[in-house]
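Enquirer: sequence-free structure coming up:
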């Protein structure tokens, strides 16, 4: 072998050795960035140094808590991948399994219905009558055949409709935008939702504006121009050019010509039939609540998400929550065509958690849970998530893979 060949081989070995040493050093540095090490950080300087060592952007952060959140998001992204994408996939998989369960339940209910079908044998007829009488006296059902038909109709529905409501200015639309990964719904400090907005899956982004007179306006592409058109038509349709937000809010309280907005998005979590229904805030005005009542009366509501303004000094607006439950019950009583809503299928998102001072968080949490237990039937603390839409958006704005612990809890609550 020539001297040049030998030298080239030596350089190659040296380069490989250097690369191994670099990898080892990088592994040792990363090994110091653990959740346990992050939890032990006591001051901002130490937290900043650790972030700098790992080249993690913390430019807009000041406190130890904020930097710890950023570092934890980074660690989880490295160790577990993008948790939001994983949970979106899980929701899609759950939807696919739900379809199979619906098919299985439909077969069982058909068998039950056939058992109670009018028989030709007099003794069989008497047994059926006796069983129906027992079910009636037990309070299980007044008409087993009608109930079977009702549930069969419900099981044929391919969509899982989640009603999203909440206190005014609690960040309801902002939270939905976060979940969707799109700034679709208008979000301001003033209440924004002026009509029911139904959000479901489609292979591309588009929308429809359904007017009270039955006319439908299609928006074939929700690009920047399409979104502007949607928001102009749907949410501020009575607003004049130059009208300020207070003027817009006043006009929407007076009513407008839009009955419903339908938004279609190519999002994984919606793929298997999950549908979000963004509703006006309860207690704003009777005009908007009438539309909500009509929607509940004519649709199968399988889940419910209620957004709470946690930093409100007066606590949870219990009267609005009670009014909403009354609204649901009243709406469904007037309809024999929908399966009744189960109060246990509810998730309460105590939003704006970042606005509550650290020293007050324990007391605020305990008070919120106490109020929810008082206001909502069959409430359980596992049905409440203390969440900050602002913090979740802040992390995703730095890296789409940065998912806060609160966000993970919210996603699991939806499953």
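Expert: Cool, got the structure. Everything numeric in this text was worked out from a predicted model, so none of it was measured.

Enquirer: from here on, contacts and neighbour counts on C-alpha atoms
Expert: OK.

Enquirer: Provide the secondary structure category for residue 55.
Expert: coil (DSSP: H, G, I helix; E, B strand; the rest coil).

Enquirer: Quickly note the distance from it to residue 298.
Expert: Distance, residue 55 to residue 298, using C-alpha to C-alpha, to the nearest Å: 54 Å.

Enquirer: More neighbours: which of the two?
Expert: residue 298 (15 against 9; other C-alpha atoms under 10 Å).

Enquirer: List phi and psi for the more buried one.
Expert: phi -110, psi 10 (degrees, to the nearest 10).

Enquirer: hey, where'd the helices end up in the stretch 1-150 of the chain?
Expert: With DSSP state H, counting those that start in this stretch, the ranges of helices along the stretch 1-150 of the chain come out as 3-31, 35-39, 44-53, 64-80, 83-115, 122-138, 144-156.

Enquirer: which stretch in the ones you listed has the least confidence?
Expert: The minimum mean pLDDT among those belongs to helix 3-31 (a mean of 50).

Enquirer: Any buried residues in stretch 91-102, and which?
Expert: Across stretch 91-102, burial judged by 16 or more other C-alpha atoms under 10 Å covers 91-92, 95, 98-99, 102.

Enquirer: Return the closest of those with respect to residue 403.
Expert: Closest approach between those and residue 403, by C-alpha to C-alpha: residue 91, at 16.5 Å.

Enquirer: my guess is the closest one meets residue 273, correct?
Expert: No - the pair residue 91 / residue 273 is not scored as a contact, 9.9 Å apart, by C-alpha atoms under 8 Å.

Enquirer: Okay, domains of the chain per the record?
Expert: Annotated domains of the chain cover 3-80, 93-154, 159-414 [automatic domain parsing].

Enquirer: what's the neighbour count on residue 36?
Expert: The local packing of residue 36 (other C-alpha under 10 Å) involves 10 other residues.

Enquirer: Could you pull up the residues touching residue 264?
Expert: Neighbour list for residue 264: 199-202, 204-207 [criterion: C-alpha atoms under 8 Å, 6 or more residues apart in numbering].

Enquirer: Next, give me the two most distant ones among those residues.
Expert: 199 and 204 (12.7 Å).

Enquirer: what is in contact with these two at once?
Expert: Joint contacts of residue 199 and residue 204 (C-alpha under 8 Å, 6+ apart) are 264-265.

Enquirer: of those two, who's got more company?
Expert: Per other C-alpha under 10 Å, whichever of residue 199 and residue 204 has more neighbours is residue 199, with 23 against 13.

Enquirer: Confirm residue 186 sits in a strand?
Expert: No - under three-state DSSP, residue 186 sits outside any strand and is assigned coil.

Enquirer: how far away is it from residue 232?
Expert: In this view, residue 186 and residue 232 are 10 Å apart by C-alpha to C-alpha.

Enquirer: Then residue 81?
Expert: When distance is defined by C-alpha to C-alpha, residue 81 is 39 Å away from residue 232.

Enquirer: Look up which helix or strand residue 385 falls in, please.
Expert: Here residue 385 sits within strand 384-386, counting by DSSP states H and E.

Enquirer: Contacts for that strand, please.
Expert: With contacts defined as C-alpha under 8 Å, 6+ apart, strand 384-386 is touched by 347-351, 353, 365, 369, 406, 409-410, 413.

Enquirer: if you set the cut-off to 7 Å instead, what comes out?
Expert: With C-alpha atoms under 7 Å, 6 or more residues apart in numbering as the test, strand 384-386 has contacts from 347-351, 353, 406, 409-410.

Enquirer: Between all of the residues you listed, which two are at the greatest distance?
Expert: Pairwise distances among the contacts of strand 384-386 were taken by C-alpha to C-alpha; the largest, 15.9 Å, belongs to 347 and 353.
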